[in-house]
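Asks: After the sequence you'll find the predicted model.
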Amino acid sequence: MRLAACAEMLFLGLPFAERVRRIADLGFEVEIWDWQTKDLDVLAKTGATFSSMTGYLTGTLADPAGAERLLCTAELSLQRAEQLDCPRLNIHGTGLDDRGLPVVAATEVTPAMWLTAARTLERLAALGERAGRVFTLENLNTAVDHPGTPFAKAADTLALVEAVGSPHLRLNLDLYHAQIGEGNLVELVERALPYVGEIQVADVPGRCEPGTGEIHYPAVAAALRKLGYDGVVALEGWAAGDPEQALTRFREAFEAH
């Protein structure tokens, strides 16, 4: 397994490019979110290996107008991914605001919305195929962080990715969100792994590094090794204290013992 860390959530006292350098210098790949707010030329010169970035600016999967906005901004995102040689671009069921809340909330997901979402994702996968990149659909939790987000559960994102059936659309399987929304993480990993593009982790509650909450991540890591997973596991969480110590605890949870 290759380990990555989210520069949006660690070393918050540093300028963004310095956060990226610090994470890379510690031996991790780097995840970023909204590329609009970054100087990508500066980031490209840091020497970091970028694992993933947000793959759209606005839009939603499940209505035609929102889908067109999502696809247009996904094309822009692919161009920016080329600057950073970033292989994976992350998307959600709908755009999120700066508090993580859905721009278009959904109290109910209808069959028509499922069909529109699947068709949108087919078109998104085609964009990824032409660009040689992979879009990843992330599961979220609606109980704590993202209430009202459609297609939020891991079961929902897995169903959509399976329905599209393209190697250019994979899961961003976020185990922090899955623990809050569904639990039973080892079984979830076993079922979802053939469709996974990347795995994200943080502990529950608090969304900090492994070892600060209730999830026994060494058991998850052992299951991943048993299944032969050799992709990226990314810490998308806050540091409970010192960020370097948080990254050490993250590495220790996923190293073979």
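Replies: Good, I have the coordinates. Just so it is clear, the model here is predicted, and its values are computed rather than measured.
Asks: low-scoring stretches of the stretch 51-200 of the chain, by residue?
Replies: For the stretch 51-200 of the chain, applying pLDDT under 70 flags no range at all.
Asks: show me where it has helices.
Replies: 64-84, 111-131, 154-164, 175-181, 185-192 (DSSP state H, counting those that start in this stretch).
Asks: Most tightly packed of the ones you listed?
Replies: helix 175-181 (a mean of 24; mean count of other C-beta atoms under 10 Å). Bear in mind the C-beta positions are built from the backbone N, C-alpha and C, glycine included.
Asks: Just give me how far it sits from the chain centre.
Replies: 13 Å (C-alpha atoms, centre = their mean, to the nearest Å).
Asks: Identify the residues contacting it?
Replies: 138-146, 152-154, 185, 188-189, 199-204, 207, 214-215, 220, 236-237 (C-beta atoms under 8 Å, 6 or more residues apart in numbering).
Asks: I'd say Ala81 and Asn90 touch.
Replies: No: Ala81 is beyond contact range of Asn90, at 10.7 Å (criterion: C-beta atoms under 8 Å).
Asks: What segments of the chain are strands?
Replies: All strands of the chain, identified by DSSP state E, fall at 2-6, 29-31, 50-54, 88-91, 134-138, 169-174, 196-201, 232-235.
Asks: can I get the CA coordinates of the fourth one in PDB?
Replies: What it means is strand 88-91. C-alpha atoms of strand 88-91 as PDB (Å, rounded to 0.1, in the frame of the first residue of the first chain):
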ATOM      1  CA  ARG A  88      -7.400  10.600  -9.600                       C
ATOM      2  CA  LEU A  89     -10.100  13.300  -9.500                       C
ATOM      3  CA  ASN A  90     -12.700  13.100  -6.700                       C
ATOM      4  CA  ILE A  91     -16.400  13.800  -7.000                       C
END
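Asks: quick one on the thing from earlier: could the strands of the chain be laid out in JSON lines, adding mean neighbour count and distance to Cys72?
Replies: Listed next are the strands of the chain as JSON lines, based on neighbours: other C-beta atoms under 10 Å; distance: least, C-beta to C-beta, whole Å:
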{"stretch": "strand 2-6", "mean neighbour count": "22", "distance to Cys72": "26"}
{"stretch": "strand 29-31", "mean neighbour count": "25", "distance to Cys72": "23"}
{"stretch": "strand 50-54", "mean neighbour count": "25", "distance to Cys72": "15"}
{"stretch": "strand 88-91", "mean neighbour count": "25", "distance to Cys72": "13"}
{"stretch": "strand 134-138", "mean neighbour count": "26", "distance to Cys72": "14"}
{"stretch": "strand 169-174", "mean neighbour count": "26", "distance to Cys72": "18"}
{"stretch": "strand 196-201", "mean neighbour count": "24", "distance to Cys72": "22"}
{"stretch": "strand 232-235", "mean neighbour count": "26", "distance to Cys72": "27"}
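Asks: so which of those gets nearest Pro111?
Replies: The closest of the strands of the chain to Pro111 is strand 134-138. By C-beta to C-beta, the value is 18.8 Å.
Asks: Can you spell out which helices and strands pack onto the closest one?
Replies: Using 3 or more C-beta pairs under 8 Å, 6 or more residues apart in numbering; DSSP states H and E as the contact test, the elements touching strand 134-138 are strand 88-91, helix 111-131, helix 154-164, strand 169-174, strand 196-201.
Asks: Could you dump these into CSV and include distance to Tyr229?
Replies: Formatted as CSV, the helices and strands packed on strand 134-138 follow (distance: least, C-beta to C-beta, whole Å):
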stretch, distance to Tyr229
strand 88-91, 15
helix 111-131, 21
helix 154-164, 16
strand 169-174, 10
strand 196-201, 8
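Asks: Compile the strands of the chain into JSON lines and extend it with columns for distance to Leu43.
Replies: As requested, the strands of the chain are exported to JSON lines (distance: least, C-beta to C-beta, whole Å):
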{"stretch": "strand 2-6", "distance to Leu43": "14"}
{"stretch": "strand 29-31", "distance to Leu43": "8"}
{"stretch": "strand 50-54", "distance to Leu43": "8"}
{"stretch": "strand 88-91", "distance to Leu43": "15"}
{"stretch": "strand 134-138", "distance to Leu43": "20"}
{"stretch": "strand 169-174", "distance to Leu43": "20"}
{"stretch": "strand 196-201", "distance to Leu43": "19"}
{"stretch": "strand 232-235", "distance to Leu43": "17"}
